[in-house]
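*Asks:* sequence and predicted structure are below.
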Amino acid sequence: MSALVKVGDVWKSFDQGRVEVLRGVGLNVAEGEIIALCGTSGCGKSTLLNCISGLEEVDSGDVSVSGYDVVNESTRVDLLRHHIGYIFQFHHLMQDLTLAENCYVPVIAVGGSKRDARERMEELAASTGISHRLNQRVRELSGGERQRGALVRSLMNDPKLLLCDEPTGALDEENREKVFDLLLDLVRKRGRTLILATHDPELASRCDRTLRMRDGRIERELVGK
């Protein structure tokens, strides 16, 4: 199976080079793989996800997704719009819009059909159990509902790659399990690729592979259950 994500010798620093966060990271992720990035806070997990998505520019090294060069500025926006979905720990939904309005945002950004988007949103909302909350404003939703809504939004343009940065870290244990079960189910049913940053070893063990990071490097690899 071909690699969907290729990262080669990536370095990234902040504060004008004084704080090194990624130090020569390299990895390949095959289509359909589910990968967990583990490690303590500050080890570089989130920065690596941001570099893969193009939200952060690398200092040096190569990153490609679905054959697109992420380092190339001209392809970066296209990748984020069409090929990559991103779920953040604190959902990043707009509080004063309804959940449905939030889900339309990625579709509007690419000039997609609202009718087709409605069908996809209703399908995904049914799969995640939040159909009855689509017309509620985000500020009226529970934490678990917001994160399930963020999952629906991230899949609206049917991306090949889903990046998740501690997507269950702000939830209680019951909601954490429910959201993670939904995430794995949706990704596997659609044959999509997932890279997940998490500090939870139990969640990581359910992925195909776990890459442990330390001091900006991938320290070792473990195969999931």
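*Replies:* Cool, got the structure.

*Asks:* which residues of the chain fall in strands?
*Replies:* 3-14, 19-30, 34-38, 60-65, 68-69, 84-87, 161-165, 193-197, 209-214, 217-223 (DSSP state E).

*Asks:* out of these, which is the most enclosed?
*Replies:* strand 193-197 (a mean of 25; mean count of other Cβ atoms under 10 Å). Every C-beta, even on glycine, is put in place using the N, C-alpha and C of the backbone.

*Asks:* find the centremost residue of this structure, please.
*Replies:* Geometric centre of the chain, nearest residue: residue 163, 1.8 Å, by Cα atoms, centre = their mean.

*Asks:* identify the single longest helix in the chain, thanks.
*Replies:* The residue-count maximum for a helix in the chain (DSSP state H) belongs to helix 173-190.

*Asks:* other SSEs contacting it?
*Replies:* Helix 173-190 is packed against strand 34-38, helix 114-128, helix 143-154, strand 193-197, with contacts defined by 3 or more Cβ pairs under 8 Å, 6 or more residues apart in numbering; DSSP states H and E.

*Asks:* for the strands of the chain, which one sits closest to residue 136?
*Replies:* Shortest distance between residue 136 and the strands of the chain, using Cβ to Cβ, is found for strand 84-87: 19.5 Å.

*Asks:* which residues of the chain score low on pLDDT?
*Replies:* Counting by pLDDT under 70, the chain contains low-confidence ranges at 1, 89-91, 170, 222-225.

*Asks:* mind checking how far residue 125 is from residue 100?
*Replies:* 8 Å (Cβ to Cβ, to the nearest Å).

*Asks:* between the two, which contacts overlap?
*Replies:* residue 134 (Cβ atoms under 8 Å, 6 or more residues apart in numbering).

*Asks:* distance check, the closest residue to residue 85 other than its chain neighbours against residue 220.
*Replies:* In space, residue 85 comes closest to residue 154 once its chain neighbours are excluded; the distance is 3.5 Å by Cβ to Cβ, 6 or more residues apart in numbering. Distance, residue 154 to residue 220, using Cβ to Cβ: 29 Å.

*Asks:* quick revisit: output the strands of the chain as a markdown table; include the columns distance to residue 95.
*Replies:* Below are these laid out as a markdown table (distance: least, Cβ to Cβ, whole Å):
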| stretch | distance to residue 95 |
| --- | --- |
| strand 3-14 | 29 |
| strand 19-30 | 30 |
| strand 34-38 | 29 |
| strand 60-65 | 30 |
| strand 68-69 | 33 |
| strand 84-87 | 17 |
| strand 161-165 | 20 |
| strand 193-197 | 24 |
| strand 209-214 | 32 |
| strand 217-223 | 36 |
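
*Asks:* nearest to residue 175, of these?
*Replies:* strand 84-87 (14.2 Å).

*Asks:* direction included, what does that closest one pair against?
*Replies:* Paired with strand 84-87 in the same sheet, following DSSP bridges, are strand 161-165 (parallel).

*Asks:* who touches the strand it pairs with?
*Replies:* Contacts of strand 161-165 (Cβ under 8 Å, 6+ apart): 4-5, 45-46, 49, 52-53, 65-66, 83-89, 154-155, 183, 187, 192-197.
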